[in-house]
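Novice: Just a sequence and a predicted model for now, questions to come.
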Amino acid sequence: MRVAAVDLGTNTTRLLVADVDEERFDELHRETHITRLGEGVDQRGRLLPVPIARVRNVLSDYRRTAERLGAERTLLVATSAVRDAENGEAFLGEIEWSYGFATQLLSGDEEAAMMRRGLGPVEPGTLVVDIGGGSTELVLDDFHISLPLGSVRFTERHGEDIAAIEAAARELLPTLEPKRAIGVAGTITTLAALDLGLPEYDRKRVHGHLLTRDGAQAQLERLAALPLEERKLVPALEPDRAPVIVAGAAILVAILDRYGLAGIETSERGLLQGAALAAAELPEPEEGAAPPGAYTCC
């Protein structure tokens, strides 16, 4: 079955169109836009009009792409920013009505489980790390947790005070004893691309790269030393990710140090792929009335 999955994150809005057969899928199209939906949510508790407008513009393009490629089901999953915002569910109602996407507001536990499903099989004792804009998910064997630390959230709280970010992260991290680690999502994969010295982002080269703890620290120090306008020009770093990458890198270093890990393997799979598998399980779409909250969120 051909499906489309949309990950409506705190920092990015991502699309995957794939042919899915049980737990296997063939990727046809993937794209990412930094929409910063979670801007201001940590302080105000609401999704704000400008970030919502950015997301709407991207979703309009995604709908056209999904239709052009023949997706039979489209599932949009929403994470930290939407679940923390008092108008988040109303915004999802508007998305269902305006774009025809099925939506699911993931709890922290559901987000961790869906990310783990999308990653595929891993060796026992492997810590899976997903550093997002508003939350970070950790999965180790049967244990999983979603923590309120992320690149956007911590940038808004601490700026680029690396010591403060790492200290705040360490306070939230649970006691675990992993043997190794795999990292997913934009913060970690971007740092891997920088560690590789890529002239532009290349998913094939990033996937499976071992980012050492010292490599992550070196990139953190390099990025923090650059003024923002210069940082935006760094090859393989999306300019719109530049304002929050320092906080994301500091969180990663704190995680590696907390668990005594010498490095982390990067993966291009995760929540988006888990959402694609879930999309294939959706019932056939039916015409119906506008969902509660449609057109009323803002």
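Specialist: Right, received. Where do you want to start?
Novice: Could I get the full set of strands for the stretch 51-200 of the chain?
Specialist: Taking DSSP state E, counting those that start in this stretch, the strands of the stretch 51-200 of the chain run over residues 73-78, 102-105, 126-131, 136-140, 143-147, 180-184.
Novice: could I get those strands as TSV with distance to Arg269?
Specialist: Heads up, the C-betas are built off the backbone N, CA and C, glycines and all. Shown next, in TSV, are the strands of the stretch 51-200 of the chain (distance: least, Cβ to Cβ, whole Å):
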stretch	distance to Arg269
strand 73-78	15
strand 102-105	19
strand 126-131	10
strand 136-140	13
strand 143-147	16
strand 180-184	7
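Novice: Outline the domain layout of the protein.
Specialist: 2-108+273-279, 121-268 (automatic domain parsing).
Novice: circling back to that earlier point, can I get the strands of the stretch 51-200 of the chain in TSV including mean pLDDT?
Specialist: Putting the strands of the stretch 51-200 of the chain into TSV (pLDDT from 0 to 100) gives the following:
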stretch	mean pLDDT
strand 73-78	95
strand 102-105	94
strand 126-131	95
strand 136-140	94
strand 143-147	92
strand 180-184	95
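Novice: Can I get the domains of the chain in a markdown table including mean neighbour count?
Specialist: Shown next, in a markdown table, are these (neighbours: other Cβ atoms under 10 Å):
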| stretch | mean neighbour count |
| --- | --- |
| domain 2-108+273-279 | 20 |
| domain 121-268 | 19 |
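Novice: got TSV for the ones you listed, with distance to Met115 too?
Specialist: Below are the domains of the chain laid out as TSV (distance: least, Cβ to Cβ, whole Å):
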stretch	distance to Met115
domain 2-108+273-279	6
domain 121-268	5
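Novice: for this protein, longest helix please?
Specialist: Secondary structure of the chain per DSSP state H: the longest helix is helix 49-68.
Novice: Report the residue spans of the protein with pLDDT below the cut-off.
Specialist: 285-298 (pLDDT under 70).
Novice: Now do the helices in it.
Specialist: For the chain, the helices defined by DSSP H cover 41-44, 49-68, 80-84, 88-99, 108-119, 151-158, 162-172, 186-196, 203-206, 213-225, 228-231, 242-258, 271-279.
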